[in-house]
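Participant: The amino acid sequence is not available; the structure is as follows:
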């Protein structure tokens, strides 16, 4: 069976052209498994540039400053230029339906296997979960969708179908995941009784528990739980599509489901990944860095073996690295940089943070920055140095001969060469997260092959703290799970006594920092309905350093905050429009409000 690592988009290439019947395809074990692999192939690689990847969604938030504004930031988002996950995901749903309908009906040679019957049940369970997961991905972006049922349908069927309500969609997805849960294993084991690493990424019970907890968390969140803004969101027959009555019990369900997933993960040997060191700062720095290089085996709950991490690294590389032709495309705005706390755990605008933007460091912090670096980058939390490459920072990969730190001013080793160079960050910052300092981009020496994590345990910890803070504010578990992530990140634990609203803000900021660039921010700021707040604004001016001025590391001219973009936010962007091409085919389907 092909894993998610080996899902082949062109698996039919090896099938003789006269084998056109699904009966023939599903009579063959290899082609049956290839079909299931094709269902898996609709899952998007988080680190790729593909529509729907974590990197893609970061470009719609303050996590990234794009070379040109997104359709959202430009205020031009509409059904005509909509982000189209709809077509591909419904193709995945159809492929899953065909698989589930035919695997039982064919006299497949799967049954000749010793465990053939068990494999057929397992494969159906995997496809059933994936179908529900594709619906869930669509719901997160488009709101209520259309539940097409189990029949794959024919080309001439009547596809004039209205949207189902949000509640119907949630209930269906959870029910399907519950059914799939009974059909898939808890772990994939070898004949020798050990866990089979070659099957990493396939659906198991733990993955289902984790995704179910996410569904319930979203369903409890302000965007979906009693949101009066969607009182008029109805089908053409008047059917209400979104919940307009708040249900506090949804937070209770979300907390319970997330705790169950955490306990299941721990029982299966998962834990928050940590590296030990006599220096607490180094321990925290190495823990967060190595989490994405090797720690995924400890903390990752759902992983993907084949991923575009090398493309991500190339785009995170300043020109000071060994090699040529790197993109420096992953530019972070000042607004994202400023979210990282100080080493004392305080936000930079918080009393007692000791943050300053004046002056320059008298001494270097070896491995992190050199002497002469702006004080705005000094005494920041360890994850800051893991996540952001700034003027004066250590070079993130093997450096070119003679280069020892990153220089983003015009004549610097990674600057714009006074207009002659295009490969430089327009904000004066590059994303550093998920990069390997041992990699030589010239000859690929030191490369660490690793998977992506769709879900990791730290996300569940933060989700549990969030849900429990809403369901049972003051419960000691809120701080226990939140502080586990803070202290792994190298900042002090919060003390008891915070009011619910302040705890909510702390959890949201921690989620932003810990899960940065992993695909969470785009959806979190929507479900929280905070895109208009100072903490998470998505509209207005965004800034960076003045990359066209300054002559040295300690030249104050470079550090003048400069507008790099102006973005438009409209509250209709909380839910994205369905592509107009789909509305043109289905006249019963209504568009999202405001478009």
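Facilitator: All right, it came through fine. On a predicted model such as this, the values are computed, not experimentally measured, just so you know.
Participant: Now name the helix or strand holding the residue nearest the centre of the chain.
Facilitator: Computing the C-alpha centroid of the chain and ranking residues by Cα atoms, centre = their mean puts residue 519 first, at 2.0 Å. Counting by DSSP states H and E, there is no helix or strand that carries residue 519.
Participant: what pLDDT does the nearest residue to it once chain neighbours are set aside get?
Facilitator: Excluding the flanking residues, the one nearest residue 519 by Cβ to Cβ, 6 or more residues apart in numbering is residue 54, at 3.2 Å. For the C-beta atoms, the positions are set from N, CA and C on the backbone; glycine is no exception. Listed pLDDT for residue 54 reads 97.
Participant: contacting residues for residue 54?
Facilitator: Shown in contact with residue 54 (Cβ atoms under 8 Å, 6 or more residues apart in numbering): 46, 47, 517, 518, 519.
Participant: Quick check on the closest residue in space to the first one that isn't next to it in sequence: phi, psi?
Facilitator: Ranked by Cβ to Cβ, 6+ apart and with sequence neighbours excluded, the top spatial neighbour of residue 46 is residue 54, at 4.0 Å. Listed backbone geometry of residue 54 is phi -60, psi -40, with angles given as degrees, to the nearest 10.
Participant: Where do the strands of the stretch 1-150 of the chain begin and end?
Facilitator: Shown for the stretch 1-150 of the chain, no strands are assigned by DSSP state E, counting those that start in this stretch.
Participant: The stretch 251-400 of the chain too?
Facilitator: 300-304, 388-389.
Participant: Tell me which of those sits nearest to residue 278.
Facilitator: strand 388-389 (25.6 Å; Cβ to Cβ).
Participant: what's that closest one packed up against?
Facilitator: Secondary-structure packing of strand 388-389 (3 or more Cβ pairs under 8 Å, 6 or more residues apart in numbering; DSSP states H and E): strand 430-431.
Participant: hang on, isn't residue 486 packed against residue 510?
Facilitator: Yes. Counting by Cβ atoms under 8 Å, residue 486 touches residue 510, with 6.4 Å between them.
Participant: Next one: the residue nearest to the centre of the chain relative to residue 454, how far apart?
Facilitator: Here the criterion is Cβ to Cβ, to the nearest Å. By it, residue 519 lies 8 Å from residue 454.
Participant: overlap in contacts of the two?
Facilitator: With Cβ under 8 Å, 6+ apart, residue 519 and residue 454 have common neighbours residue 46.
Participant: quick check: domain ranges of this structure?
Facilitator: Domains of the chain are assigned by automatic domain parsing as 1-41+77-227+569-595, 257-517.
Participant: Which of those domains comes out lowest on mean pLDDT?
Facilitator: Averaging pLDDT over each of the domains of the chain puts domain 1-41+77-227+569-595 lowest, since it has a mean of 89.
Participant: Now do that one: distance to the chain's middle.
Facilitator: Offset of domain 1-41+77-227+569-595 from its chain centre (Cα atoms, centre = their mean, to the nearest Å): 19 Å.
Participant: what do you get for stretch 336-348?
Facilitator: 22 Å.
Participant: Do me a favour and get the end-to-end distance for it?
Facilitator: From its first residue to its last, stretch 336-348 covers 12 Å (Cα to Cα, to the nearest Å).
Participant: and residue 516, how many neighbours?
Facilitator: 24 (other Cβ atoms under 10 Å).
Participant: swap that for residue 502, please
Facilitator: So residue 502, with other Cβ under 10 Å, has 11 neighbours.
Participant: In terms of secondary structure, what does the one helix or strand residue 175 maps to contact?
Facilitator: Taking DSSP H and E as the definition, residue 175 sits inside helix 166-181. Here helix 166-181 touches helix 116-142, helix 205-220, going by 3+ Cβ pairs under 8 Å, 6+ apart.
Participant: name the helices or strands packed onto the shortest one?
Facilitator: Applying 3+ Cβ pairs under 8 Å, 6+ apart, we find helix 205-220 packed against helix 116-142, helix 166-181, helix 249-267, strand 300-304, strand 452-456, helix 457-471, helix 521-527.
Participant: Compare the ones you listed and give me the one nearest residue 213.
Facilitator: helix 249-267 (4.1 Å).
Participant: relative orientation of that closest one and helix 166-181 in degrees?
Facilitator: Taking axes from the mean of the first three to the mean of the last three Cα atoms, to 10 degrees, helix 249-267 and helix 166-181 form an angle of 20 degrees between their directions.
Participant: Run through who's touching helix 249-267.
Facilitator: 205-206, 209-210, 212-213, 216-217, 219-220, 225, 301, 457, 460-461, 463-464, 467-468, 470-472, 477, 481.
Participant: same thing with stretch 225-236?
Facilitator: 143, 162-163, 219, 240-247, 250, 529, 571, 574, 588, 590, 592-593.
Participant: Quick one: neighbours of residue 297, just the number.
Facilitator: 14.
Participant: wait, I meant residue 202
Facilitator: The burial count for residue 202: 22, using other Cβ under 10 Å.
Participant: same question, the one 3 residues further on
Facilitator: Under the neighbour criterion other Cβ under 10 Å, residue 205 is assigned a count of 18.
Participant: Setting aside sequence-adjacent positions, which residue approaches it most closely?
Facilitator: Per Cβ to Cβ, 6+ apart, closest to residue 205 is residue 186, 4.6 Å.
Participant: go on, residue 400?
Facilitator: According to Cβ to Cβ, 6+ apart, the nearest residue to residue 400 is residue 322 (5.2 Å).
Participant: list the contacts for the one you found?
Facilitator: 397, 398, 399, 400, 401, 440, 441, 442.
Participant: again with residue 564
Facilitator: By Cβ under 8 Å, 6+ apart, the residues touching residue 564 are 65, 333, 426, 427, 542, 543, 544.
Participant: mind giving me JSON lines with these and columns for secondary structure, distance to residue 368 and neighbour count?
Facilitator: Below are the contacts of residue 564 laid out as JSON lines (DSSP: H, G, I helix; E, B strand; the rest coil; distance: Cβ to Cβ, whole Å; neighbours: other Cβ atoms under 10 Å):
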{"residue": "65", "secondary structure": "strand", "distance to residue 368": "23", "neighbour count": "25"}
{"residue": "333", "secondary structure": "coil", "distance to residue 368": "21", "neighbour count": "24"}
{"residue": "426", "secondary structure": "coil", "distance to residue 368": "24", "neighbour count": "20"}
{"residue": "427", "secondary structure": "coil", "distance to residue 368": "20", "neighbour count": "26"}
{"residue": "542", "secondary structure": "strand", "distance to residue 368": "26", "neighbour count": "21"}
{"residue": "543", "secondary structure": "strand", "distance to residue 368": "24", "neighbour count": "19"}
{"residue": "544", "secondary structure": "strand", "distance to residue 368": "21", "neighbour count": "23"}
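Participant: wait, residue 182 sits on residue 125?
Facilitator: Yes. If you go by Cβ under 8 Å, residue 182 and residue 125 touch, sitting 7.3 Å apart.
Participant: Looking at those two, which has the bigger crowd around it?
Facilitator: residue 125 (22 against 11).
Participant: Just give the nearest non-adjacent residue to the more buried one, would you?
Facilitator: Here the residue nearest residue 125, using Cβ to Cβ, 6+ apart, is residue 183, at 2.6 Å.
Participant: Wait, that neighbour touches residue 122, no?
Facilitator: Yes. Counting by Cβ under 8 Å, residue 122 is a contact partner of residue 183 at 6.2 Å.
Participant: Going by residue numbers, what spans are helices in the stretch 451-595 of the chain?
Facilitator: 457-471, 476-488, 500-514, 521-527, 580-583 (DSSP state H, counting those that start in this stretch).
Participant: want to throw those into TSV with distance to residue 99?
Facilitator: Formatted as TSV, the helices of the stretch 451-595 of the chain follow (distance: least, Cβ to Cβ, whole Å):
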stretch	distance to residue 99
helix 457-471	29
helix 476-488	38
helix 500-514	36
helix 521-527	28
helix 580-583	23
